[in-house]
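[1] Got a sequence here, can you build the structure:
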Amino acid sequence: MEFFLTALGLVFFLEGLPYFACPERMKRWLEEILRLPSAQLRMLGAAFMVLGLLLVFLGRRHGVR
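    Down below sits the predicted model:
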């Protein structure tokens with residue numbers, strides 16, 4: 001549970017950082033995302049999920065905590 005809360009906290013921090021650091025650029029970027037086709041967004045989401053699982057697997061396998 002401690003690992004999960006740490007990972008979740010890190011996710012929230014990293015998700016919030018661009019909005020804090022450069023909010024105007026994030027607004028423009030989000031407008032661009034809205035123009036992408038749903039299929040392209042779905043593929044991008046799937047790629048990030050696979051990358052995330054791969055990083056967790058590698059971290060756990062090599063004892064990185």
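[2] So what's the residue count around V56?
    By other C-beta atoms under 10 Å, 13 other residues sit near V56. Placement of C-beta: from N, CA and C, glycine included.
[3] Please identify the helix or strand for it.
    Using DSSP states H and E, V56 sits within helix 38-61.
[4] I'd like to know which elements that helix is packed against.
    Where contact means 3 or more C-beta pairs under 8 Å, 6 or more residues apart in numbering; DSSP states H and E, helix 38-61 is not packed against any helix or strand.
[5] can I get the CA coordinates of that helix in PDB?
    Backbone C-alpha positions of helix 38-61 (Å, rounded to 0.1, in the frame of the first residue of the first chain) are rendered in PDB as follows:
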ATOM      1  CA  SER A  38     -10.500   9.300 -31.200                       C
ATOM      2  CA  ALA A  39      -8.600   6.400 -32.700                       C
ATOM      3  CA  GLN A  40      -5.300   8.200 -32.500                       C
ATOM      4  CA  LEU A  41      -6.000   9.200 -28.800                       C
ATOM      5  CA  ARG A  42      -6.900   5.600 -28.000                       C
ATOM      6  CA  MET A  43      -3.600   4.300 -29.500                       C
ATOM      7  CA  LEU A  44      -1.600   7.000 -27.700                       C
ATOM      8  CA  GLY A  45      -3.300   6.000 -24.400                       C
ATOM      9  CA  ALA A  46      -2.600   2.300 -25.000                       C
ATOM     10  CA  ALA A  47       1.000   3.000 -25.800                       C
ATOM     11  CA  PHE A  48       1.400   5.000 -22.500                       C
ATOM     12  CA  MET A  49      -0.300   2.200 -20.500                       C
ATOM     13  CA  VAL A  50       2.000  -0.400 -22.000                       C
ATOM     14  CA  LEU A  51       5.100   1.800 -21.300                       C
ATOM     15  CA  GLY A  52       3.900   2.400 -17.700                       C
ATOM     16  CA  LEU A  53       3.400  -1.400 -17.200                       C
ATOM     17  CA  LEU A  54       6.800  -2.100 -18.700                       C
ATOM     18  CA  LEU A  55       8.500   0.400 -16.400                       C
ATOM     19  CA  VAL A  56       6.800  -1.100 -13.300                       C
ATOM     20  CA  PHE A  57       7.800  -4.600 -14.500                       C
ATOM     21  CA  LEU A  58      11.400  -3.600 -15.000                       C
ATOM     22  CA  GLY A  59      11.600  -1.700 -11.700                       C
ATOM     23  CA  ARG A  60      10.100  -4.600  -9.800                       C
ATOM     24  CA  ARG A  61      12.300  -7.200 -11.600                       C
END
